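S.K.: sequence plus the predicted model coming up.
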Amino acid sequence: MDDAKKKRRVKKGEQDREGETKPVRLHVFLSRAGIASRRKCEEFIAAGLVTVNGRVVLEQGFKVDAEDQVSFRNRRVYPTRRVLYIALNKPPKYLSTNSDPEGRPIALDLIKPVVDIRLYPVGRLDFLSSGLLFFTNDGEFARRVSHPSSRVEKEYLVETKREIPETFLTEYRKGISVEGELYRLKSFRIQSPTSAVLVLEEGKNREIRKVFASRGLYPKRIHRTRIGSVTVKGLAPGKFRNLTAKEVASFAEGR
């Protein structure tokens, strides 16, 4: 074996060993294993729901490697080998959480009969709202789509009983403060006196309902039609499909 080949082989071996054994932060490991988003996994750690080698770990910066035995809620966690990305047209009166103590319908239940892999929602739609909702077991993807710094557009069709003043939407675009929280619309398009298409980037919890209610406008329908480049078009309520590779790639960092 010549020196050049030997050098390449040694270098490759070192990289392989590093890739296998390099420690990662516990919340990153859990996210990659499909438990939840990184932020949610941090909450699970803080709540004492995660053990490493039989010991509860509360330290957020704690690192694990391939030799460690990690458990969540007393069940062993393994790195995920197969990742899924699903787009669901959520009907109204379904929760976008993984469980509900009150026994209300869960959007994930619409997927479970077909998909036997643990998934969790990317972001959320409130109980009464409908439309496009992603599910995945890829924590990195979930973070990129839902984190405000990614500036991913979310488009909503909003319908009300009363007329929606254009002056109100213009004010919303400039910024409206409700109970000390600032909300800002990226853009809007009026469809009729009582309906408009709104585009948000951050989309805070129940934002549209709170902002509209602050002006005496109460939406009778909020329907999310788009996330980034992915639309709900062609999906009947309660139906879902896999995202294409191109659609998943469109959410990559820097795009």
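M.R.: Sure thing, it's come through. All values reported here derive from a predicted model rather than from experimental measurement.

S.K.: give me the low-pLDDT residue ranges for this structure?
M.R.: Residues of the chain meeting the criterion pLDDT under 70: 1-21, 80-81, 253-255.

S.K.: got the domain ranges for it?
M.R.: Per the record, the chain has its domains at 3-76, 85-148+231-249, 153-227, by automatic domain parsing.

S.K.: could you export those domains as JSON lines, including mean neighbour count?
M.R.: To be clear about C-beta, it is placed using only N, CA and C from the backbone, and glycine gets the same treatment. Output for the domains of the chain, formatted as JSON lines (neighbours: other Cβ atoms under 10 Å):
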{"stretch": "domain 3-76", "mean neighbour count": "14"}
{"stretch": "domain 85-148+231-249", "mean neighbour count": "17"}
{"stretch": "domain 153-227", "mean neighbour count": "16"}
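
S.K.: how about the helices of the protein, start to end?
M.R.: Counting by DSSP state H, the chain has helices at residues 3-21, 26-32, 38-46, 139-146, 166-174, 207-213, 245-249.

S.K.: with distance to Ile190 added, can I get the ones you listed in a markdown table?
M.R.: Formatted as a markdown table, those follow (distance: least, Cβ to Cβ, whole Å):
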| stretch | distance to Ile190 |
| --- | --- |
| helix 3-21 | 53 |
| helix 26-32 | 40 |
| helix 38-46 | 35 |
| helix 139-146 | 28 |
| helix 166-174 | 6 |
| helix 207-213 | 14 |
| helix 245-249 | 29 |
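
S.K.: and of these, who's closest to Val83?
M.R.: Evaluated over these, closeness to Val83 peaks at helix 139-146, with 7.7 Å, by Cβ to Cβ.

S.K.: just the angle for the closest one relative to helix 38-46, thanks.
M.R.: Calculated by axes from the mean of the first three to the mean of the last three Cα atoms, to 10 degrees, helix 139-146 forms an angle of 120 degrees with helix 38-46.

S.K.: any residues touching stretch 246-255, and which ones?
M.R.: Stretch 246-255 is contacted from outside by Tyr85, Phe141, Arg144, Val145, Ser150, Val152, Gly228, Ser229, Val230, using Cβ atoms under 8 Å, 6 or more residues apart in numbering.

S.K.: one more time with 10 Å
M.R.: For stretch 246-255, the surrounding residues in contact (Cβ atoms under 10 Å, 6 or more residues apart in numbering) are 83, 85, 87, 122, 134, 136, 138, 140-145, 150, 152, 227-231, 242-244.

S.K.: same question for stretch 170-177.
M.R.: Identification of contacts with stretch 170-177 by Cβ under 10 Å, 6+ apart yields 165, 168, 182-188, 196, 198-200, 207-208, 210-212, 214-215.

S.K.: with adjacent residues omitted, what lies nearest to Ile222?
M.R.: Ser129 (4.2 Å; Cβ to Cβ, 6 or more residues apart in numbering).

S.K.: okay but the one you found is in contact with Arg221, surely?
M.R.: Yes: between Ser129 and Arg221 a contact is recorded at 8.2 Å, counting by Cβ atoms under 10 Å.

S.K.: common neighbours of those two, please.
M.R.: By Cβ under 10 Å, 6+ apart, Ser129 and Arg221 have these common neighbours: Pro92, Tyr156, Val158.

S.K.: how much space between the first one and Tyr156?
M.R.: When distances are taken as Cβ to Cβ, to the nearest Å, Pro92 and Tyr156 turn out to be 14 Å apart.
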